[in-house]
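Engineer: Below is the sequence, then the predicted model.
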Amino acid sequence: MMKQTIIKCAIALCLFACTVSLNAQNERDFAYHFIEKADKNELVVKTISPQMMERMLGLQEIQENDTLQTLLRQLKSIRVVSAKQHAGKNFDTVEELAKRNHKRYTCKYITPQKLMLTRMRHKKIVELVLASQENERLLLIDLTGNMNEDFIDFITHYPASGN
């Protein structure tokens, strides 16, 4: 009788673990929800999948650069969404989604036209979203993975112009 109870518990735990794993794999990122709400005719979407991230880690240039390798190991995927028109309207959509999901994402305005969203799980940053509007263009970068604060500091302070 005890053996049957243990087996039933083990099977129940396995089923629970499979369900949690499947839900995590099907979890949609912020960019996905933005794309659903925005005018798709205006958007250009580029995605680097987990498989491509693995391939990138295998490149010799990356293997020779410890900093880059450390940063890339923290990423699961990258999605870049851009729109060449209606930046204000699209930025408003980003803000609306952030407000609607305030329990999931923490919002920090870098400037009035730039914001950063983070999603945490077990004290790890599992999603980082950077959005900006400039000259009627919107740029949204969505990074998923297991990122630490050093990663966030590097990304947000890295000079864009290469200075």
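Structural biologist: Yep, it's here. Numbers count the residues shown, from 1 in each chain.
Engineer: what's the distance between the residue nearest to Q113 when sequence neighbours are not counted and E27?
Structural biologist: Excluding its sequence neighbours, the residue lying closest to Q113 (Cβ to Cβ, 6 or more residues apart in numbering) is Q133, at 4.8 Å. Every residue, glycine included, has its C-beta placed from N, CA and C. Taking Cβ to Cβ, to the nearest Å as the criterion, Q133 is separated from E27 by 27 Å.
Engineer: try F151
Structural biologist: Computed with Cβ to Cβ, the distance linking F151 and E27 is 20 Å.
Engineer: which of these two has more neighbours?
Structural biologist: The neighbour count for F151 versus E27, taken as other Cβ atoms under 10 Å, is higher for F151 (20 against 12).
Engineer: In three-state terms, label E95 for me.
Structural biologist: Judged by DSSP: H, G, I helix; E, B strand; the rest coil, the three-state class of E95 is helix.
Engineer: Now do the contacts for it.
Structural biologist: E95 is in contact with L115, counting by Cβ atoms under 8 Å, 6 or more residues apart in numbering.
Engineer: give me the number of residues near the residue lying closest to K114 once chain neighbours are set aside?
Structural biologist: Nearest residue to K114 in three dimensions, chain neighbours excluded: S132, at 4.3 Å (Cβ to Cβ, 6+ apart). Using other Cβ under 10 Å as the criterion, S132 is surrounded by 18 other residues.
Engineer: wait, isn't S132 in contact with M116?
Structural biologist: No. S132 is beyond contact range of M116, at 9.7 Å (criterion: Cβ atoms under 8 Å).
Engineer: which residues of this protein fall in helices?
Structural biologist: Here the chain has its helices, by DSSP state H, at 2-25, 30-37, 50-57, 60-63, 66-73, 87-100, 149-157.
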